[in-house]
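In: Got a predicted structure plus its sequence, pasted below:
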Amino acid sequence: MSETYMTIREMCDAFDVTPRTLRFYEAKELLFPVREGQKRLFTRRDRARLKLILRGKRFGFSLEEIRQLLDLYGAGDQGRSQLMRSFEVAQKRLKDLVDQRDTLNEAIRDLNDQLKWGEQMIASMNKAPKAAE
């Protein structure tokens with residue numbers, strides 16, 4: 001691997017992704033590797049973008065949100081627009097995740113209550129005398 005470029009295999013190894021993933025992000029115009037014949041060579045910029053893409057996906061951002069955030073990098077304001085927008089999107093996503101967690105916690109409590117009820121019903125049925133046959 002050179003300091004400037006990484007091959008598709010090196011990118012896959014470094015970021016634990018598949019070649020298909022890299023080609024997908026390239027097709028979606030999120031990555032822009034240099035082409036040498038059939039070979040794709042990824043720049044430092046591509047590596048930084050992939051790191052942000054993977055982080056955004058982990059947080060549940062849509063590819064369109066990620067694209068918009070990445071596109072703000074070149075706004076010419078030392079990344080201020082990108083940082084401000086990233087912060088806004090992250091705040092919204094955090095709120096959504098907290099809401100989802102709260103909904104899941106409520107469902108878990110309800111299901112636990114139902115299981116306890118079911119357990120009590122089964123226990124009482126096992127203790128009751130069986131009807132004469």
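Out: Structure's in. What do you need? Keep in mind it's a predicted model, so treat the numbers as computed, not measured. Numbers count the residues shown, from 1 in each chain.
In: which element is residue 96 on?
Out: helix 80-127 (DSSP states H and E).
In: residue contacts, residue 54?
Out: By C-beta atoms under 8 Å, 6 or more residues apart in numbering, the contact set of residue 54 is 15, 17. From N, CA and C alone the C-beta is placed, and that goes for glycine too.
In: Could you measure from residue 42 over to residue 57?
Out: As judged by C-beta to C-beta, to the nearest Å, residue 42 and residue 57 stand 18 Å apart.
In: Mind checking which of the two has more residues around it?
Out: residue 42 (25 against 13; other C-beta atoms under 10 Å).
In: Give the residue spans of this protein that score low on pLDDT.
Out: For the chain, the stretches with pLDDT under 70 are 1-3, 74-75, 131-133.
In: Okay, domains of it per the record?
Out: For the chain, automatic domain parsing gives the domain ranges 1-58, 61-127.
In: thinking in terms of the whole chain, how far from its middle is the helix holding residue 96?
Out: Offset of helix 80-127 from its chain centre (C-alpha atoms, centre = their mean, to the nearest Å): 18 Å.
In: what's that helix packed up against?
Out: helix 63-71 (3 or more C-beta pairs under 8 Å, 6 or more residues apart in numbering; DSSP states H and E).
In: List the contacts of the helix it packs on.
Out: 28-30, 49, 52-53, 56-57, 61, 82, 85-86, 89.
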